[in-house]
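Trainee: dropping the sequence and predicted coords here.
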Amino acid sequence: MRRVGTAWCFVAPALLVIAVFFFVPVVAALALSFTDFDIYALADSHNLRLVGLRNYVQLLQTPLFWKAFGNTLYFVVVGVPLSIAVSFGAALLLHSRLVRFRAFFRTALFAPVVTTLVAVAVIWRYLFHPHYGLLNYALGRLGLPAIDWLGDPHWAMPAIIVLAVWKNFGYNMIILLAGLQSIPEQLYEAARIDGASVWRQFRHVTLPMLAPIVAMVNILTIAGYFQLFAEPYVMTQGGPLQSTVSVLYFMYEEGFKWWNLGSASAVAFVLFLFIFCVTAVQLRVVRWQSTA
Amino acid sequence: MAIHRVTPSLPAVLINGLLLGLATVTLFPLVWMVAVSLMSPGEASTFPPPLVPGRPTFANYRELFAHAGMGRYLFNSAMLASVVTLVSLFFNVAAGYGFAKLRFAGRDRIFKLLLAALVIPSQVAMVPLFLLLKHLGLVNTYGGVIVPAMASIFGIFVVRQYALSIPDELLEAARIDGAGEFRIFWSVIVPVIRPIIVTLAVFTSLGAWNDFMWPLIVLGDSDLYTLPVALASLSREHVQDNELMMAGSVLTILPVLLVFLVLQRYYMQGLMLGSVKE
């Protein structure tokens, strides 16, 4: 009996912090999204009224919200496959028996993951500079026309995707590399004895064995990429022509620039619901495939 | 006597060549950041962009410390990352051990609830959290950054996974010897799980150092800014001062990169543990 009490002494402090500063705010966010909490309510809570679903209805009628949603979807749909493709390629290269200095390459390719996003966004903003940027210099040397990366609405999001792939690919690379290393060598030996080429070994041993890890990496990366915020905040401030306003950027401005906190909570919940549904569908597909 | 010279095979050249290319592209922005940070003002705003400083100078760093308050931001970031790490380690390690090895009613159900909550993005909580902290008088204070970060589900999770492997006999033996639960925790458990404590410390400190959105929201007073918040604000003011901004980026990135390089083994272990959350 005494031991049960002490057990609580170990877990209660952490649980209390998580309950008060995470669970309660999440529930409160849902409640807040049904109110017109704004700068007047911030000054005096008597100005607070329940408005039902009005925030959500208004949100769905706000063109900038749809724009932000579309931009974020663009970032996810293009950025995630690109990131995972680079991660996978790098992991395959690192896994090769022929690699020299494997530890060095692994660390070098992983380094951007631990760097500070704001700082690397500052670096890349300079690399993308239309006049002095090295990227345009390189394009010029290849005989290609210069691109106004961050000033052209068509190129700003691709530029942000380039930064995100560079910054993030090392993370999944390490996980996929561990997956590759866990495939039993006997499977490859058996395939070789059967006369399978390198490509067929890859197709029929590597890919199926790695499928569950790729699926997990995919789900986590998609959920992460939906939370795009700092890149547009530093590099483009949402521009040009709002082409890089992400859902979280929209939420930040709605909540902490215009102080429409009720509406900002609704934005957060819509984003959460969307991520949740996308994750749930993917989990279904993964389970269905593994049983089929 | 013939010397057999080992000629590298074509695939070996190809694979190592590709890796070298990829590593060059990956490291180039970081190396170039250092180079530009040592250029004199205006030097980097020429075409074609210079790769190495003509006459290396620390002028940009001096300028940052003398006129942009960089010392202050460096202190804020280092202090906040240290305090968050120390406090949250204490809470998370105790809870992680509790969930792994101690019995109490509802343990497994609470743990499942915590795991399920991992799918909720932290930004969902931000608006009410801001109001709560405003009510507590913590907005615009260091406390606004520290208090919500005092415990994390991820931290509890990795410690629990590690602590599960501690044999129960070890605990029973200590209990038979008459040691109290806190004594057991401190002198038996903590030494055994030290590797995961280091791992979690590295993860937490890097995360706290790099964090941007929450400090941006809760710290309004520029005296309290952390490096990323200060850098974002400076970079909006000094759009043209590339050399100065690169020096700021170096100061922001270098500490985390060094911590990572020194404690890489622990960091990678945490990455693997964190990724097996189903």
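Mentor: Yep, it's here.
Trainee: for residue 143, helix, strand, or coil?
Mentor: If you meant another chain, say so; for now it's chain A. Of the three states, A:G143 takes coil according to DSSP: H, G, I helix; E, B strand; the rest coil.
Trainee: where does it fall, phi/psi-wise?
Mentor: Dihedral angles of A:G143 (phi, psi; degrees, to the nearest 10) stand at phi 80, psi 20.
Trainee: count the neighbours of it for me.
Mentor: A:G143 is flanked by 6 other residues according to other C-beta atoms under 10 Å in any protein chain shown. In short, each C-beta sits where N, CA and C put it, glycine included.
Trainee: who touches stretch B:104-123?
Mentor: A:4, A:7-8, A:11, A:15, A:18, A:22-23, A:26, A:223, A:226-227, A:229, A:248, A:251, A:268, A:271-272, A:275-276, A:279, B:98-99, B:153-154, B:156-157, B:160, B:213-214, B:277 (C-beta atoms under 8 Å, 6 or more residues apart in numbering or on different chains).
Trainee: just the buried subset of those, please.
Mentor: Taking 16 or more other C-beta atoms under 10 Å in any protein chain shown as the criterion, what is buried in these is A:7, A:11, A:15, A:18, A:22-23, A:26, A:223, A:226-227, A:229, A:248, A:251, A:268, A:271-272, A:275, A:279, B:98-99, B:153-154, B:156-157, B:160, B:213-214.
Trainee: one step back: just the ones of the contacts of stretch B:104-123 in strands?
Mentor: Residues of these located in strands (DSSP state E): none.
Trainee: for chain B, longest helix please?
Mentor: The longest helix of chain B (DSSP state H) is helix B:70-101.
Trainee: close to chain A, is that helix?
Mentor: Yes: contact check for helix B:70-101 against chain A, using C-beta under 8 Å from any C-beta of the partner chain: residues in range are B:91-92, B:94-95, B:97-99.
Trainee: past that helix, which element shows up next along the chain?
Mentor: Read in the C-terminal direction, the helix or strand following helix B:70-101 is helix B:107-117, with elements assigned using DSSP states H and E.
Trainee: pull the CA atoms of that following helix into CSV?
Mentor: The C-alpha atoms that make up helix B:107-117 are tabulated as CSV, following Å, rounded to 0.1, in the frame of the first residue of the first chain:
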residue,chain,number,x,y,z
ARG,B,107,-0.9,2.7,-14.9
ASP,B,108,-1.3,1.1,-18.3
ARG,B,109,-4.4,3.1,-19.2
ILE,B,110,-2.7,6.4,-18.4
PHE,B,111,0.3,5.4,-20.4
LYS,B,112,-1.8,4.5,-23.4
LEU,B,113,-3.6,7.8,-23.1
LEU,B,114,-0.2,9.6,-23.2
LEU,B,115,0.9,7.7,-26.2
ALA,B,116,-2.3,8.5,-28.0
ALA,B,117,-1.8,12.2,-27.2
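Trainee: B:L64 is in contact with B:A247, correct?
Mentor: Yes: between B:A247 and B:L64 a contact is recorded at 5.7 Å, counting by C-beta atoms under 8 Å.
Trainee: those two: who's more crowded?
Mentor: Applying other C-beta under 10 Å to B:A247 and B:L64 shows that B:A247 carries more neighbours, namely 27 against 24.
Trainee: coming back round to it: show me the contacts of stretch B:104-123 that map onto helices.
Mentor: Among the contacts of stretch B:104-123, the members falling in helices are A:4, A:7-8, A:11, A:15, A:18, A:26, A:223, A:248, A:251, A:268, A:271-272, A:275-276, A:279, B:98-99, B:153-154, B:156-157, B:160, B:213-214 (criterion: DSSP H).
Trainee: list the helices and strands the one helix or strand A:N71 maps to packs on?
Mentor: Counting by DSSP H and E, the element that carries A:N71 is helix A:63-95. Based on contacts counted as 3 or more C-beta pairs under 8 Å, 6 or more residues apart in numbering or on different chains; DSSP states H and E, the elements that helix A:63-95 packs against are helix A:102-114, helix A:156-181, helix A:207-225, helix A:247-256, helix B:10-37.
Trainee: most packed of those helices?
Mentor: Looking across those with neighbours counted as mean count of other C-beta atoms under 10 Å in any protein chain shown, the highest average goes to helix A:247-256: a mean of 24.
Trainee: need the contact partners of that one.
Mentor: Taking C-beta under 8 Å, 6+ apart as the criterion, the residues outside helix A:247-256 that touch it are A:64-65, A:68-69, A:72, A:226-229, A:232-233, A:238, A:260-261, A:263-265, A:267-268, A:270-271, B:123, B:126-127, B:130, B:213, B:217.
Trainee: now the helices and strands packed on helix A:63-95 in CSV, with distance to A:R141 and mean pLDDT?
Mentor: Compiled in CSV, the helices and strands packed on helix A:63-95 are given as follows (distance: least, C-beta to C-beta, whole Å; pLDDT from 0 to 100):
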stretch, distance to A:R141, mean pLDDT
helix A:102-114, 24, 96
helix A:156-181, 18, 96
helix A:207-225, 32, 93
helix A:247-256, 34, 96
helix B:10-37, 15, 95
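Trainee: okay, these in JSON lines with distance to A:L283 next?
Mentor: As requested, these are exported to JSON lines (distance: least, C-beta to C-beta, whole Å):
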{"stretch": "helix A:102-114", "distance to A:L283": "25"}
{"stretch": "helix A:156-181", "distance to A:L283": "18"}
{"stretch": "helix A:207-225", "distance to A:L283": "7"}
{"stretch": "helix A:247-256", "distance to A:L283": "22"}
{"stretch": "helix B:10-37", "distance to A:L283": "32"}
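Trainee: A:L30 is nearest to which of the ones you listed?
Mentor: Closest approach to A:L30 among the helices and strands packed on helix A:63-95 (C-beta to C-beta): helix A:247-256, 14.6 Å.
Trainee: convert the closest one to CSV, retaining C-alpha atoms only.
Mentor: Listed next in CSV are the C-alpha coordinates belonging to helix A:247-256 (Å, rounded to 0.1, in the frame of the first residue of the first chain):
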residue,chain,number,x,y,z
VAL,A,247,-1.9,26.9,-42.1
LEU,A,248,0.2,27.5,-39.0
TYR,A,249,1.4,30.8,-40.3
PHE,A,250,-2.2,31.8,-40.9
MET,A,251,-3.0,30.6,-37.3
TYR,A,252,-0.1,32.6,-35.9
GLU,A,253,-1.2,35.8,-37.6
GLU,A,254,-4.9,35.3,-36.8
GLY,A,255,-4.1,34.6,-33.1
PHE,A,256,-1.0,36.6,-32.2
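Trainee: so that helix versus helix A:63-95, what angle?
Mentor: Using axes from the mean of the first three to the mean of the last three C-alpha atoms, to 10 degrees, one finds that helix A:247-256 and helix A:63-95 are set 140 degrees apart in direction.
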